[in-house]
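Asker: no sequence on this one, just coordinates:
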């Protein structure tokens, strides 16, 4: 049997339920509940949380309290506080907030880019140049991560050429991104697409490529994570209870569920630092707050296997 | 990047919804509906169907019409008609029925074996010897396939040692099985467990190992299929709409959904011969017949991606 690369010993799950999840839910979660969510996720061992987005409040009233959430998150030792930033103005607010990481989305699909960001991908690259200059001038240590959305296809445009993804990756790195990730925004990826594109993207970006963002729209979220792990990815976005989607990508629904992803990784002996009992207790609370919304995931129903290794403790 | 084995160009999905699916649903589906299901699955390109089980009708009244279903299935050119057989008496009936393949379950978990078959695994091996002798004496060409259930763990016993699985695989092959498969009956497997156990099992069984049977109890069904494909498995059990489970394995629920599996394989360029439009139309009909039952799968809601290759045609 041909040898395969060993899977990583550790992986990081970035909780994006408070941003990618809540932005697709029309009801506004009260700030007090979001603060409890962040606190409980931290106590369950999560060490990266995307707490919100610095977009105009009139566009996403669900995320208008981002600065307040960052302020609380910053009090939790060792927590990487991530925020989504769509443009230079958002980057200014992210730097002011003291967040550790700003995620800048760029769409490999031109049609999605115009619908979602009202810019062409290359105009977004120019904005990244400006954001990098702003960061450097500010003296802030905030990390600039670029998330390449619709990297595996688009509900508006259809096919997205891998060559275009790789071209934009190069452009984004040249523009000053510290890190890049690839996102299957609309759930079009299969594990072989993931393997091939991440293998090629690693050749372009090296270890600056370090996030996989998968949606479970067509049931392949976990298979896609497994394929990405095999290429060397060690950091994944996920939403508690599998909430999420994209308002500008019809049909997109459901990030991979944090709890299911944490289970798969732990079952394979990959440490995430997550305590399952605490995470599942949090899921129950969040499900109560989101009553009436469609939730996803399987572990909450099935429970951990009898054979499951104890959850790894954070060191 | 280290090279990996190429995925297979073709794979076979055995539809087990009429057996593994319906046996876990208390309502009895009328024979006329089952005949329509078999016919429509065939017309959608499915070429292996487990139509039922030769167990006493008092135990599983849902499957009492198996002989009649085999008789119809045998009229469909090129269809492999599979039946489950728990013992020598069932094997006699399978041979009489004219089925192409009998699936004999054996549990790697002793506790599950006693609960499900009222025999130890080694007593089942002895029964396989008798069934092989019966088949050879009868002059029948029926294929004897042994399905190793609870190969990745058991809700009753907990851990199942891989060494015990491999020992039983050898015993089963020595007893006269033509083929063997490994089943994650209760949804305990993760992709690395699948990869490791199938790699070892191939060393024992060679190309006589040719079926993977995965449940999606904890959301890892597709990831487990992908891992098995990478080891060389080209044949998988699945249930339309993800119905199924095991009445003697509490917590077990839902085989991988035929339509989701067919989608993943086709998306990766692996031919299955399945026509999606026809398969999804059948799913709608079966869902109507099973009104009130919990169904699974994602493709029925999300639809095929815009980018999807046309379904391969059966040659």
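Answerer: Perfect, I can see it now. Every value quoted in this text rests on a predicted model; they were computed, and no experiment measured them.
Asker: Tell me where the stretch 201-315 of chain A has strands.
Answerer: In chain order, the stretch 201-315 of chain A shows strands spanning A:209-214, A:235-238, with DSSP state E, counting those that start in this stretch as the criterion.
Asker: tell me which residues form a beta bridge with the residue nearest the centre of chain A?
Answerer: Among the residues of chain A, residue A:237 comes closest to the average C-alpha position under CA atoms, centre = their mean, at 3.3 Å. Each beta-bridge partner of residue A:237 is listed here, defined by DSSP bridges: residue A:14, residue A:213.
Asker: picking up where we left off before, which stretch among the strands of the stretch 201-315 of chain A comes nearest residue B:241?
Answerer: Taking CB to CB as the criterion, strand A:209-214 is the member of the strands of the stretch 201-315 of chain A that comes nearest to residue B:241, at 23.5 Å. The C-beta positions use only the backbone N, C-alpha and C, and glycine is treated the same way.
Asker: what residues does that closest one touch?
Answerer: Where contact means CB atoms under 8 Å, 6 or more residues apart in numbering or on different chains, the residues beyond strand A:209-214 that reach it are A:14, A:16, A:145, A:147, A:149, A:169, A:179-185, A:187, A:189, A:194, A:198, A:201-202, A:220-221, A:224-225, A:228, A:233-237, A:255-256.
Asker: what is the mean pLDDT for that strand?
Answerer: Strand A:209-214 shows a mean pLDDT of 97.
Asker: Same question for stretch A:63-81.
Answerer: The average of the pLDDT scores along stretch A:63-81 is 97.
Asker: Same question for stretch A:108-121.
Answerer: Per-region confidence: stretch A:108-121 scores 94 on mean pLDDT.
Asker: mind listing what's buried in it?
Answerer: By 16 or more other CB atoms under 10 Å in any protein chain shown, the buried positions in stretch A:108-121 come out as A:108-117, A:119, A:121.
Asker: for the longest helix along chain A, the distance to its chain's centre please.
Answerer: Across chain A, the helix with the greatest residue count (assigned by DSSP state H) is helix A:121-138. Averaging C-alpha coordinates over helix A:121-138 and over its chain gives two centres that are 21 Å apart (CA atoms, centre = their mean, to the nearest Å).
Asker: The residue nearest to residue A:19 when sequence neighbours are not counted: neighbouring residues, count only.
Answerer: The spatial neighbour of residue A:19 that comes closest, neighbours along the chain excluded (CB to CB, 6 or more residues apart in numbering or on different chains), is residue A:50 at 4.4 Å. Here the neighbour count serves as a burial measure; for residue A:50 (other CB atoms under 10 Å in any protein chain shown) it reads 27.
Asker: for residue A:277, same thing?
Answerer: Using other CB under 10 Å: residue A:277 sits among 10 other residues.
Asker: Distance check, it against residue A:265.
Answerer: Taken as CB to CB, to the nearest Å, the spacing of residue A:277 relative to residue A:265 amounts to 17 Å.
Asker: Can you verify my assumption that residue A:41 contacts residue A:282?
Answerer: Yes. Shown here, residue A:41 and residue A:282 form a contact pair, counting by CB atoms under 8 Å, at 6.3 Å.
Asker: can you list residues touching both of those two?
Answerer: With CB under 8 Å, 6+ apart as the test, residue A:41 and residue A:282 both reach residue A:240.
Asker: Am I right that residue A:164 is in contact with residue A:108?
Answerer: Yes. Taking contacts as CB under 8 Å, residue A:164 lies within contact range of residue A:108: 5.8 Å.
Asker: can you state the direction angle for the strand or helix carrying the residue nearest to residue A:19 and strand A:209-214?
Answerer: Taking DSSP states H and E as the criterion, the element that holds residue A:50 is strand A:48-53. Calculated by axes from the mean of the first three to the mean of the last three CA atoms, to 10 degrees, strand A:48-53 forms an angle of 70 degrees with strand A:209-214.
Asker: Please identify the buried residues of the helix or strand following strand A:48-53?
Answerer: Tracing the chain past strand A:48-53, the next element assigned as helix or strand by DSSP H and E is helix A:66-73. By neighbour count, with 16+ other CB under 10 Å as the criterion, the buried positions of helix A:66-73 are A:66-67, A:69-73.
Asker: Output those residues in JSON lines, with distance to residue B:241 appended to each entry.
Answerer: Shown next, in JSON lines, are the buried residues of helix A:66-73 (distance: CB to CB, whole Å):
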{"residue": "A:66", "distance to residue B:241": "41"}
{"residue": "A:67", "distance to residue B:241": "46"}
{"residue": "A:69", "distance to residue B:241": "41"}
{"residue": "A:70", "distance to residue B:241": "44"}
{"residue": "A:71", "distance to residue B:241": "48"}
{"residue": "A:72", "distance to residue B:241": "44"}
{"residue": "A:73", "distance to residue B:241": "42"}
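Asker: from memory residue A:306 sits against residue B:160, does it?
Answerer: No. Because the distance of 10.7 Å does not satisfy CB under 8 Å, residue A:306 is recorded as not touching residue B:160.
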